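Asks: Need the 3D shape of this:
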Amino acid sequence: MEKKKVRKDLNDKRNMRRTIVLLVLFLLLGGVAAWYLSMDRASEKSTVAGADREFAVEDISRIHRIFLARRDGVTTDLRRGDDGYWTVNGEGRANPRVMSSLLDAIKRVRMMYKPPEAAEESMVSELATHGVKVELYDASGDKIKGYYVGGAGPGEFGTFMILEDAEQPYVVELPYWDGNVSVRYSYAGDEWRDKALFRAEPEDIRSLSIAYPKQKNQSFRLTANGGDYEIEPYYDITPAINRTVQPGKVQAFLSNYDAVIAEAFRNNYKKQDSVRQQIPFSIITLVDTQGDTTQATFYPVVEEDKYYQDPESGEYVKKQIDFERYFVDLNGKDFLQIQQQAIQEIFWGYPSFFEEAGQLQ
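Replies: Below you'll find the model as predicted:
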């Protein structure tokens, strides 16, 4: 009996130890499984939360179309051409500086902070009411990303932004730049357009003529002829100059046409018709090697007579203010304004190529 009791006690102890070991293993395995599942859920949650704040497209070479829609109904369709230049609504080149600013924002925009829940509703309302819808597409026409850009955060720091189909808005910024990011997306109409009157390298110019209606003897027509240039009077009544063209003169003249930039578009100017009825200062016609013609007609912007007080006599004297700007009719389609100092280098006279007469004053 004693032996049986001893054996029973030993068996009970073995069973107890086995049960304890199994229980410990079960708890360990359960703990590991719980930890793994929690980490997996945390990782999934982190991934979802992170996706709704990824606004930037770092490789902007992927972007070939940018469609912008303002809440006031104004839309802008920017497309990258095969030549690398961007166009606006299919009507002409985009302003390089404006596009550079926009693409910089698209590339570098980043989350500044997640707003408090109490502010989210007003942010979403602001984005829905005043935000600009932004859609980015690749060369195949597939959408890369879409988001809304709104107003400024508290104290004008940061800008409201929310990804398309997301629920969480954020306040974003551009590193090392102070200002409202939305200004880079909010241009409209002519503000997006290139203000260049001429953009041509000398070797790309087939012919260029300048007519001065009030100074016919200064008017001329320049034509490329192989590696040489022919220069002749624009008007038949002007005697031809039969002297050799000075070396380098033509290249120096044509180099002024690589970038002639206007001050602003004035397509909304109400007195365009009356300006066009005036005798212009000059008419410049440029034909490139592709056969494309650009014609710019310049009209002086004459200031009205003003009075100033003579410091000695105290009397008010009438003073004529010299014009400092021109209105420009470009190709009969656009009306612009340009400063005198920006274009004084392009106005040469016919004799300037043959003698040291300098530029037309």
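Asks: which helices and strands sit right next to the helix or strand containing Glu173?
Replies: When elements are assigned from DSSP states H and E, Glu173 belongs to strand 170-173. Applying 3 or more CB pairs under 8 Å, 6 or more residues apart in numbering; DSSP states H and E, we find strand 170-173 packed against strand 110-113, strand 159-163. For glycine as for every other residue, the C-beta is placed from the backbone atoms N, C-alpha and C.
Asks: could those be laid out in CSV, adding mean pLDDT?
Replies: Compiled in CSV, these are given as follows (pLDDT from 0 to 100):
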stretch, mean pLDDT
strand 110-113, 90
strand 159-163, 92
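Asks: In TSV: those strands, plus distance to Pro239 and mean neighbour count.
Replies: Below are the helices and strands packed on strand 170-173 laid out as TSV (distance: least, CB to CB, whole Å; neighbours: other CB atoms under 10 Å):
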stretch	distance to Pro239	mean neighbour count
strand 110-113	67	15
strand 159-163	65	24
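Asks: could I get these as CSV with distance to Glu203?
Replies: Output for the helices and strands packed on strand 170-173, formatted as CSV (distance: least, CB to CB, whole Å):
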stretch, distance to Glu203
strand 110-113, 43
strand 159-163, 44
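Asks: picking up where we left off before, restrict the strand holding Glu173 to CA atoms and write it as CSV.
Replies: Provided in CSV are the C-alpha atoms of strand 170-173 (Å, rounded to 0.1, in the frame of the first residue of the first chain):
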residue,chain,number,x,y,z
TYR,A,170,-4.3,69.1,-42.3
VAL,A,171,-2.4,72.3,-42.1
VAL,A,172,0.5,72.2,-44.6
GLU,A,173,3.6,74.3,-45.3
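Asks: how far out from the middle of the chain is that strand?
Replies: Put simply, strand 170-173 sits 21 Å off its chain's centre (CA atoms, centre = their mean, to the nearest Å).
Asks: Who are the contact partners of the residue nearest to Lys195 when sequence neighbours are not counted?
Replies: Excluding the flanking residues, the one nearest Lys195 by CB to CB, 6 or more residues apart in numbering is Ala262, at 4.3 Å. Contact analysis of Ala262 by CB atoms under 8 Å, 6 or more residues apart in numbering lists Lys195, Ala196, Leu197, Val328, Leu336, Gln337, Ile338, Ala342.
Asks: roughly how far apart are Ala262 and Ala296?
Replies: Distance of Ala262 to Ala296, given as CB to CB, to the nearest Å: 9 Å.
Asks: residues shared between the contacts of these two?
Replies: What both Ala262 and Ala296 touch, as defined by CB under 8 Å, 6+ apart, is the set Leu197, Val328.
Asks: still on that earlier bit, tell me which of the helices and strands packed on strand 170-173 sits nearest to Met123.
Replies: Nearest to Met123 among the helices and strands packed on strand 170-173 is strand 159-163; the distance by CB to CB comes to 5.0 Å.
Asks: what are the pairing partners of that closest one, and which direction each?
Replies: Looking at strand 159-163 with DSSP bridges, its partner strands are strand 143-152 (antiparallel), strand 170-173 (antiparallel).
Asks: residue ranges for the helices of the stretch 101-250 of the chain, please.
Replies: Ranges of helices in the stretch 101-250 of the chain, per DSSP state H, counting those that start in this stretch, are 117-130, 249-254.
Asks: list the helices and strands the first one packs on?
Replies: The one in question is helix 117-130. Under the contact criterion of 3+ CB pairs under 8 Å, 6+ apart, helix 117-130 touches strand 143-152, strand 159-163.
Asks: now swap in the shortest one and tell me
Replies: Using 3+ CB pairs under 8 Å, 6+ apart as the contact criterion, the neighbours of helix 249-254 among helices and strands are strand 220-225.
Asks: taking the mean pLDDT, what do you get for the strand it packs on?
Replies: Per-region confidence: strand 220-225 scores 94 on mean pLDDT.
Asks: Can you measure across stretch 279-293, start residue to end residue?
Replies: Start-to-end span of stretch 279-293 (CA to CA, to the nearest Å) is 22 Å.
Asks: Kindly apply the preceding question to stretch 215-235 instead.
Replies: Distance between the boundary residues of stretch 215-235 (CA to CA) amounts to 10 Å.
Asks: how far out from the middle of the chain is it?
Replies: Between the centre of stretch 215-235 and the centre of its host chain there is 37 Å, according to CA atoms, centre = their mean.
Asks: What lies in contact with it?
Replies: The contact list for stretch 215-235, computed with CB under 8 Å, 6+ apart, reads 205-212, 237-241, 245, 250, 253-254, 349-351, 353-354, 360.
Asks: ok, Ile205 - how many residues close by?
Replies: By the measure other CB atoms under 10 Å, the count of residues near Ile205 is 20.
Asks: The contacts of Ala262 into CSV, with extra columns for pLDDT?
Replies: As requested, these are arranged in CSV below (pLDDT from 0 to 100):
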residue, pLDDT
Lys195, 96
Ala196, 96
Leu197, 96
Val328, 97
Leu336, 96
Gln337, 95
Ile338, 96
Ala342, 87
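Asks: what would the helices and strands packed on helix 117-130 look like in CSV with distance to Ala105?
Replies: Listed next are those as CSV, based on distance: least, CB to CB, whole Å:
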stretch, distance to Ala105
strand 143-152, 9
strand 159-163, 10
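Asks: So for Arg80, which of these sits nearest?
Replies: Arg80 sits nearest to strand 143-152 of all those, at 12.9 Å, using CB to CB.
Asks: buried set for that closest one?
Replies: Under the neighbour-count criterion of 16 or more other CB atoms under 10 Å, strand 143-152 has Lys145, Tyr147, Tyr148, Val149, Gly150, Ala152 buried.
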